[in-house]
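A.B. asks: kindly return the folded structure for what I paste below:
(4 chains)
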Protein chains: 2
Amino acid sequence: MTRPTDAELAILNVLWNRGPCTVRQVTGELNRSRPTGYTTVLKLMQIMTGKKLVKRDEQSRAHVYRALHPREQMQRRLVKDLVRRAFGGSTMELLQQAISGGTASANDLMTMRRWISEQEKKS
Amino acid sequence: MTRPTDAELAILNVLWNRGPCTVRQVTGELNRSRPTGYTTVLKLMQIMTGKKLVKRDEQSRAHVYRALHPREQMQRRLVKDLVRRAFGGSTMELLQQAISGGTASANDLMTMRRWISEQEKKS
DNA sequence: CACAATATACGAAAGCATTCGTAATTATCA
DNA sequence: TGATAATTACGAATGCTTTCGTATATTGTG
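C.D. replies: Numbering: from 1, shown residues only, chains lettered A, B, ... in the order given. Reported below is the predicted structural model:
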């Protein structure tokens, strides 16, 4: 399966944040940051239905769309894809950059320690 | 500045790995994984020159191209971009997924601990 | 009922990414 | 020197993304 495009991902974010939405609701939300015409959003969501990125409920007159995959799953897919394309497939290289890159605060580093501990417990 | 496309990133990877290359060298390397015709690669690299992704040295008959930005800088840019588009701008959310996702081995987790310690020493 | 508002469907245009063919140029060497 | 090989330049086709206009259908309201 292929990555969602930028516009598609923006729409998925709305659906993940707000739950199932009509085209009008998504348009309203998108327009807070990215001005987009109503029929543009409609068309995109129709395409996304075809791609099985969203599912639509046609019960009410204004169809209600929901994201077909959970946000975390898509995030994992996108990270994996980026790791493959830009980090030679090594997730550890990405992590090293994030940790050693200097952008993490002392607090962030502590939080990461905790995550690591929790992860170690799991095995 | 805009993200490099998939094909462009594949070419950049070759240049980062092998250092400055001619079109023929890049084509040869690309063809280990992604069959691409010679003139296709040439055209892409010409476009990348226009986009200032690579710089070309026209001294020799076969022009020599090099990546204009270091790999780490581009990686940081791509991660930042993904974080913005798919993680609501929170790098920590991406990290949590990468750490808690369950793909890291016990060894990996130890290595991360070491990176964190080293990073903490720096402050 | 008739009209305005709102919805979906769909075609099409514009722009970009990717691909390749062909022409023109330059070097090699028999 | 003259044929061959290798290189660059460039146009163009194809397909995808994003955008919007318009036609058509449906709902609600005076």
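
A.B. asks: next, the buried residues of stretch A:101-109.
C.D. replies: Applying a neighbour-count criterion of 16 or more other Cβ atoms under 10 Å in any protein chain shown, the buried positions in stretch A:101-109 are A:104, A:108-109. No exception for glycine: its C-beta is placed from N, CA and C like everyone else's.

A.B. asks: can you map out the strands along chain A?
C.D. replies: A:54-57, A:64-67 (DSSP state E).

A.B. asks: which ones are touching residue A:10?
C.D. replies: Contacts for residue A:10 (Cβ atoms under 8 Å, 6 or more residues apart in numbering or on different chains) come out as A:30, A:34, B:85.

A.B. asks: just checking, residue A:26 touches residue A:11?
C.D. replies: Yes - if you go by Cβ atoms under 8 Å, residue A:26 and residue A:11 touch, sitting 5.9 Å apart.

A.B. asks: residues near residue A:115, how many?
C.D. replies: 19 (other Cβ atoms under 10 Å in any protein chain shown).

A.B. asks: okay, it: pLDDT?
C.D. replies: Residue A:115 carries a pLDDT value of 96.

A.B. asks: ok, and the closest non-adjacent residue to it?
C.D. replies: Nearest residue to residue A:115, sequence neighbours excluded (Cβ to Cβ, 6 or more residues apart in numbering or on different chains): residue B:99, at 4.6 Å.

A.B. asks: now do the contacts for that neighbour.
C.D. replies: Per Cβ under 8 Å, 6+ apart, neighbours of residue B:99: A:95, A:112, A:115-116, A:119, B:109, B:112.

A.B. asks: and of these, the nearest to residue B:49?
C.D. replies: Nearest to residue B:49, judged by Cβ to Cβ, of the contacts of residue B:99 is residue A:95 at 32.9 Å.

A.B. asks: the closest one against residue B:113, yeah?
C.D. replies: No - Residue A:95 is not in contact with residue B:113 according to Cβ under 8 Å; the separation is 11.5 Å.

A.B. asks: higher neighbour count, the two?
C.D. replies: Taking neighbours as other Cβ under 10 Å, residue A:95 and residue B:113 compare with residue A:95 leading, 22 against 16.
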